[in-house]
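*Asks:* quick one: sequence and predicted model below, then my questions.
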Amino acid sequence: MKNISVTIYTKEHGRLDLTYEEYLTFDFDKVTRHRTDSPASIWYYQDGSIEREYYFINDKMHRIDGPAESWYDKDGSIEREYYYINNKFYNKEDYDNLINEMKSLPKSLKLTHQEQWVREL
């Protein structure tokens with residue numbers, strides 16, 4: 001398995017602007033969006049501030065410690081957030097309930113690593 005990042009720039013008005021970053025994993029003949037410690041896809045406004053972030057594990061929208069998809073206004077404030085576990089959308093209340101339920105499990109039953117959640121759910 002090999003991890004790489006792809007960075008895309010667009011050229012407008014004679015300058016290059018960071019537009020997009022994607023973190024990918026190559027495993028044999030399969031390429032997936034995958035990153036366990038930060039967003040796997042990041043989109044930027046022309047001024048370099050973050051427009052959108054997406055968390056992926058094994059090409060599935062997934063995050064157990066916050067929203068898997070976040071959109072930001074140009075001033076950096078959060079415009080909207082979406083919660084996913086194993087590519088399944090949850091509203092904020094259901095997501096919080098599921099995470100709290102997971103936290104209350106006996107330690108021997110907890111899935112502590114994000115990749116385990118994706119495999120097991």
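*Replies:* Sure thing, it's come through. Numbering: from 1, shown residues only.

*Asks:* in the protein, which helix has the most residues?
*Replies:* helix 92-103 (DSSP state H).

*Asks:* list the buried residues in that helix.
*Replies:* Buried positions in helix 92-103, judged by neighbour count with 16 or more other CB atoms under 10 Å: 95, 98-99. Every residue, glycine included, has its C-beta placed from N, CA and C.

*Asks:* same check, this time on stretch 77-97
*Replies:* Taking 16+ other CB under 10 Å as the basis for neighbour counts, the residues of stretch 77-97 that come out buried are 82-86, 90, 95.

*Asks:* ok, which stretches of this structure are strands?
*Replies:* In chain order, the chain shows strands spanning 2-12, 15-27, 30-33, 41-44, 50-54, 56-57, 60-61, 69-72, 78-85, 88-90, with DSSP state E as the criterion.

*Asks:* what's the closest of the ones you listed to residue 104?
*Replies:* For the strands of the chain, the distance to residue 104 is smallest for strand 78-85, at 16.2 Å, taking CB to CB.

*Asks:* ok, the closest one: who's next to it in the sheet?
*Replies:* strand 69-72 (antiparallel), strand 88-90 (antiparallel) (DSSP bridges).

*Asks:* need the residues that contact it.
*Replies:* Surrounding strand 78-85, the residues in contact under the criterion CB atoms under 8 Å, 6 or more residues apart in numbering are 55, 60-64, 66-73, 89-92, 95, 98, 117, 121.

*Asks:* OK, contacts around the residue positioned nearest the centre of the chain?
*Replies:* The geometric centre of the chain, computed from its C-alpha atoms, lies nearest to residue 55 (CA atoms, centre = their mean), at 0.6 Å. In this structure, residue 55 makes contact with 35, 39-40, 61-63, 67-69, 84, judged by CB under 8 Å, 6+ apart.

*Asks:* the residues you listed, buried ones only, as a ChimeraX selection?
*Replies:* Selection command for ChimeraX covering only the buried members of these, criterion 16+ other CB under 10 Å:
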select :35,39,40,61,62,63,67,68,69,84
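
*Asks:* mind putting the contacts of residue 55 into TSV with pLDDT and distance to residue 49?
*Replies:* As requested, the contacts of residue 55 are exported to TSV (pLDDT from 0 to 100; distance: CB to CB, whole Å):
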residue	pLDDT	distance to residue 49
35	90	20
39	95	14
40	94	19
61	96	22
62	95	25
63	94	21
67	98	18
68	97	20
69	98	17
84	97	24
